[in-house]
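Participant: Sequence unavailable; structure follows:
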């Protein structure tokens, strides 16, 4: 297949490029950086392109003017940025990807499970449960708007919704767990939210890349949850991370009623100080960690022939 991958310098996009190249596909890697190391993207040809700027349209090398598939991985994935940054990074970039490849046979859009309502538990949620959610956070709102644009312009597109992506080279999920470890008079503690028994659906990079290629090669359209085979328990995951890093810290769980106002205060102080640093605690993180976050995979199994492997943090822990 002839595949274009956007966001190729990022965590997901680079892994997708390497896997697709190893599988024998022709790949064009797109990203905002001027250059990227060849080994990061599996030796694929690289083109610097800011998709959010409609005035910029570089010449595409043959045969990528009419690719078999565009897999759109570019986006701003964080819980702390200005609303206009989220809009540019997620909405405008998606519009640019769609406009830049109108003749692509397939369009695969990488979204997120953050389009589900963060204010209540997500219990084996099916894709339709994200409809009509009113998002209070800028990230979830921007990703939902990007999905709406994809459906409007390419109704036959595939939209994938992973949750909590992890894998070798992870710069967000597992590092933040380690950053949450604090020294106290009672020894090191890992502060978390809820009671520790909440179930979570995680998505390994291997499973996500597999889903992307299945979507690119298949004929089905629609929106699909993409996670590991079965949910895991938060406390089990945290203790596995601590053990792998030889940390004797014990998890300590803060109830939502305490953590939420604390997060709001932390965010307010950060904004007041006009600090560019992410607060240690955000409302987004509190809401997403406090409740069950599990997704139903029936649609992906049925229409994409998605057969995910179980959760395995081992490779990520050995490489981070």
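Facilitator: The structure has been received and is ready for your questions. Just so it is clear, the model here is predicted, and its values are computed rather than measured. Numbers count the residues shown, from 1 in each chain.
Participant: Now residue 75: closest residue in space that isn't a chain neighbour?
Facilitator: Computed as Cβ to Cβ, 6 or more residues apart in numbering, the closest residue to residue 75 that is not its neighbour in sequence is residue 90, at 4.8 Å. For glycine as for every other residue, the C-beta is placed from the backbone atoms N, C-alpha and C.
Participant: can you count the residues close to that neighbour?
Facilitator: Close neighbours of residue 90, defined as other Cβ atoms under 10 Å, add up to 27.
Participant: That one: what secondary structure?
Facilitator: helix (DSSP: H, G, I helix; E, B strand; the rest coil).
Participant: Now do the contacts for it.
Facilitator: 75-76, 139, 142-143, 145-146 (Cβ atoms under 8 Å, 6 or more residues apart in numbering).
Participant: Just flag the most distant two among the residues you listed.
Facilitator: 76 and 145 (12.8 Å; Cβ to Cβ).
Participant: Show me where the stretch 101-250 of the chain has its helices.
Facilitator: Secondary structure of the stretch 101-250 of the chain, counting by DSSP state H, counting those that start in this stretch: helices at 138-153, 173-179, 205-217, 234-244.
Participant: any idea how far the shortest one is from the chain center?
Facilitator: It stands for helix 173-179. Chain-centre distance of helix 173-179: 15 Å, with Cα atoms, centre = their mean, to the nearest Å.
Participant: Outside of that helix itself, list whatever touches it.
Facilitator: Contacts with helix 173-179, where a contact means Cβ under 8 Å, 6+ apart, come from 164-166, 190, 238, 241, 245, 247, 280, 313, 316-317, 320.
Participant: can you list the weak-confidence ranges in this protein?
Facilitator: Along the chain, segments meeting pLDDT under 70 span 185-186, 319-320.
Participant: Give me the domain ranges for it.
Facilitator: Domains of the chain are assigned by automatic domain parsing as 2-166+201-228+294-309, 173-197+234-289.
Participant: what about the strands in the stretch 1-150 of the chain?
Facilitator: 2-6, 26-31, 46-48, 69-72, 106-110, 122-125 (DSSP state E, counting those that start in this stretch).
Participant: returning to what we had before: now the contacts of residue 90 in TSV, with neighbour count and distance to residue 261?
Facilitator: Shown next, in TSV, are those (neighbours: other Cβ atoms under 10 Å; distance: Cβ to Cβ, whole Å):
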residue	neighbour count	distance to residue 261
75	26	30
76	20	27
139	26	21
142	29	25
143	28	26
145	18	29
146	29	31
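Participant: Just give me the closest of these to residue 285.
Facilitator: residue 139 (10.9 Å).
Participant: Now residue 267: closest residue in space that isn't a chain neighbour?
Facilitator: Excluding its sequence neighbours, the residue lying closest to residue 267 (Cβ to Cβ, 6+ apart) is residue 279, at 5.5 Å.
Participant: The one you found belongs to a strand?
Facilitator: No. Applying three-state DSSP, one finds residue 279 to be coil, outside a strand.
Participant: tell me the contacts of it?
Facilitator: 80, 263, 266-267, 269-270.
Participant: which pair in those residues spans the largest distance?
Facilitator: Going by Cβ to Cβ, the pair spanning these furthest: 80 and 269, at 13.1 Å.
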